[in-house]
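Student: What follows is a predicted structure for the sequence shown.
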Amino acid sequence: MSTVHPLKYKYILNDLSTQILEIYTMLMNKELCLILEQELNNIIDKFNSFDDENERRLYWNNIRQTRKDNIYQYIFQEKYGAMQGKMHPPFLRRRQISPIILNNIPIVKFLQTEQIILTNTTDIEVCKLYKDDPTCLIFLDPPYINTSNIGYTNYDMNIYEWLFYNNIRDFKAKVYLILENMWFIKLLFKENHIAKIYDKLYQGSKKQTQHVIISNVINSIN
């Protein structure tokens, strides 16, 4: 972050569910953040209280039925979702889940100390709104072309076509794109600066790939 500070940060949440937007809103407010932490730890304490595998599994499955209407249960199952498929933390033997301390999480500190604007709009609208603002940094992590994107509300990936006709080199705002490192991406953004290429391992699927950071800022990342 030191390379772009003291720019005015505008972090835009794009194409996410109402639940996710609500979570970030709560994290930005210290009082709501404390309530969120307490409620999550209540669920964790309840889970930890079961010694029997079947009791833990039953509790987990019951939460699955109501999580859409309970933001705390939703977060709990998103964070510990590996319990269902990977058995970790396992149902099989007693293992305690550690309490959550939200203030120890860097993103929480960032949300509470920087100038953050949350909005549920499209990536293209964000670019249109801020591309001519020289004090703004636009960070885009769009759906990847070579990956299944059916989990997105809008997965047609029009952002790539829009960026082809609206090159980031002409933006006054600083722009960083995180994309898959593939020949099609390099062809699409051949007139832009490749700031960094790095290896990426997805912990859930163990898929190994490469990502590329493309920017209109020259020599900004080591």
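Tutor: Thanks, I have it.
Student: Tell me how far the longest helix anywhere in the chain lies from the chain's centre.
Tutor: The residue-count maximum for a helix in the chain (DSSP state H) belongs to helix 30-48. Relative to the centre of its chain, helix 30-48 is centred 21 Å away, using Cα atoms, centre = their mean, to the nearest Å.
Student: ditto for stretch 50-65
Tutor: Distance, centroid of stretch 50-65 to centroid of chain: 28 Å (Cα atoms, centre = their mean).
Student: Can you report how many residues neighbour residue 180?
Tutor: 15 (other Cβ atoms under 10 Å). Any C-beta I mention is one placed from the backbone N, CA and C, and that applies to glycine too.
Student: just the angle between the following helix or strand past the longest helix of the chain and helix 30-48, please?
Tutor: Proceeding N to C from helix 30-48, the next assigned helix or strand is helix 53-66, under DSSP states H and E. Interaxial angle, helix 53-66 versus helix 30-48 (axes from the mean of the first three to the mean of the last three Cα atoms, to 10 degrees): 140 degrees.
Student: immediately after helix 53-66, which helix or strand?
Tutor: Heading C-terminal from helix 53-66 (DSSP H and E), you reach helix 71-79.
Student: residues making contact with that following helix?
Tutor: Helix 71-79 is contacted from outside by 19, 22-23, 26, 36, 39-40, 42-44, 60, 63-64, 66-68, using Cβ atoms under 8 Å, 6 or more residues apart in numbering.
Student: please redo it, this time with the cut-off set to 10 Å
Tutor: Here helix 71-79 makes contact (Cβ atoms under 10 Å, 6 or more residues apart in numbering) with 17-20, 22-23, 26, 35-44, 46-47, 60, 62-68, 70, 83-84, 97, 100.
Student: circling back to that earlier point, and the angle from the longest helix of the chain to helix 71-79?
Tutor: 60 degrees.
Student: returning to what we had before: hmm, which of the contacts of helix 71-79 are the buried ones?
Tutor: 20, 22-23, 26, 36-37, 39-41, 43-44, 47, 60, 63, 67, 83, 97, 100 (16 or more other Cβ atoms under 10 Å).
Student: what are the bridge partners for residue 212, then?
Tutor: Judged by DSSP bridges, the bridge partners of residue 212 are residue 179, residue 197.
Student: burial count for it?
Tutor: Neighbour tally, residue 212, other Cβ under 10 Å: 18.
Student: same deal with residue 178?
Tutor: Neighbour count of residue 178, defined by other Cβ under 10 Å: 17.
Student: Can you get me a residue count around the residue nearest to it when sequence neighbours are not counted?
Tutor: Using Cβ to Cβ, 6 or more residues apart in numbering and skipping the chain neighbours, the partner closest in space to residue 178 is residue 141 (4.7 Å). Residues lying near residue 141 (other Cβ under 10 Å) number 12.
Student: Dihedrals phi and psi, residue 209?
Tutor: Here is the backbone geometry of residue 209 (degrees, to the nearest 10): phi -150, psi -170.
Student: and it, what does it touch?
Tutor: Contacts of residue 209 by Cβ under 10 Å, 6+ apart are 144, 146-147, 180-182, 199-202.
Student: can you rerun that using 7 Å?
Tutor: By Cβ atoms under 7 Å, 6 or more residues apart in numbering, residue 209 lies in contact with 180, 200.
Student: Cheers, nothing more for now.
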